[in-house]
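Visitor: Starting from these lines, generate the structure:
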Amino acid sequence: MARVTSVNISEKKGTMKHEVPEIRLRLRHGIVGDAHAGDWHRQISMLAEESVSRMREKLPQLKPGAFAENINTEGILLKELPVGTRLRVGETIVEVTQIGKECHNDCAIRRAAGECVMPTEGIFVIVVQEGTVRAGDAIEILKQESSR
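Guide: Take a look at the predicted model:
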């Protein structure tokens, strides 16, 4: 079963995200209290724990939120979900809007490890149904766009 392993926020842009007990998702906003929230297509970032674990082989000290991800998951191949896929995450529903992103070439992880997984394996979602998300919550694929 796919599940959330951690939820992370940063109150100010330019600061490291840190783990919190729960996050509240709001329509047309993203995560209440997160500096990167707003009415845009990258409201929330998600990254699979399987991707983070590979990076921990090189950088064992990596903590949840180190890649600026809001939600860490396990048991689901996030990078293989097409744009438009809807996921139930705890009591919320989110929709995939983007796979990966351009990475800052000077990010600390890339400098230390020579690579970063967020640009190719992280995903971004928008809120479709509001609610709260906590570590341990189940993740379910509700709708997956067919490959074209």
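
Visitor: For residue 18, give me phi and psi.
Guide: In terms of degrees, to the nearest 10, the main-chain angles of residue 18 are phi -130, psi 150.

Visitor: How about residue 74: which residues does it bridge to?
Guide: Residues in a beta bridge with residue 74, per DSSP bridges, are residue 3.

Visitor: Checking residue 7 next. Helix, strand or coil?
Guide: For residue 7, the secondary structure call by DSSP: H, G, I helix; E, B strand; the rest coil comes out as strand.

Visitor: mind listing what the closest residue in space to it that isn't next to it in sequence touches?
Guide: Leaving out its chain neighbours, the residue that sits closest to residue 7 by CB to CB, 6 or more residues apart in numbering is residue 23, at 4.5 Å. Where you see a C-beta, it was placed from the backbone N, CA and C, and this is true even at glycine. Shown here is residue 23, whose contacts under the criterion CB atoms under 8 Å, 6 or more residues apart in numbering are 7, 9, 31-34, 70-71, 132-134.

Visitor: now the strand or helix carrying residue 23 and strand 3-9, what's the angle there?
Guide: Assigning secondary structure by DSSP states H and E places residue 23 in strand 22-26. Computed with axes from the mean of the first three to the mean of the last three CA atoms, to 10 degrees, the direction of strand 22-26 lies at 80 degrees from that of strand 3-9.

Visitor: Can you show me the CA trace of strand 22-26 as PDB?
Guide: The C-alpha atoms that make up strand 22-26 are tabulated as PDB, following Å, rounded to 0.1, in the frame of the first residue of the first chain:
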ATOM      1  CA  GLU A  22       0.300  17.500   9.600                       C
ATOM      2  CA  ILE A  23      -0.400  19.900   6.700                       C
ATOM      3  CA  ARG A  24      -3.700  21.500   5.700                       C
ATOM      4  CA  LEU A  25      -4.400  21.700   2.000                       C
ATOM      5  CA  ARG A  26      -6.600  24.500   0.700                       C
END
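
Visitor: Direction included, what does the following helix or strand past it pair against?
Guide: Sequence order places strand 30-31 as the next helix or strand after strand 22-26, per DSSP H and E. Listed by DSSP bridges, the sheet partners of strand 30-31 and their directions read strand 22-26 (antiparallel).

Visitor: Quick check: buried residues in stretch 17-35?
Guide: Taking 16 or more other CB atoms under 10 Å as the basis for neighbour counts, the residues of stretch 17-35 that come out buried are 17, 20, 23-25, 29-31, 34.
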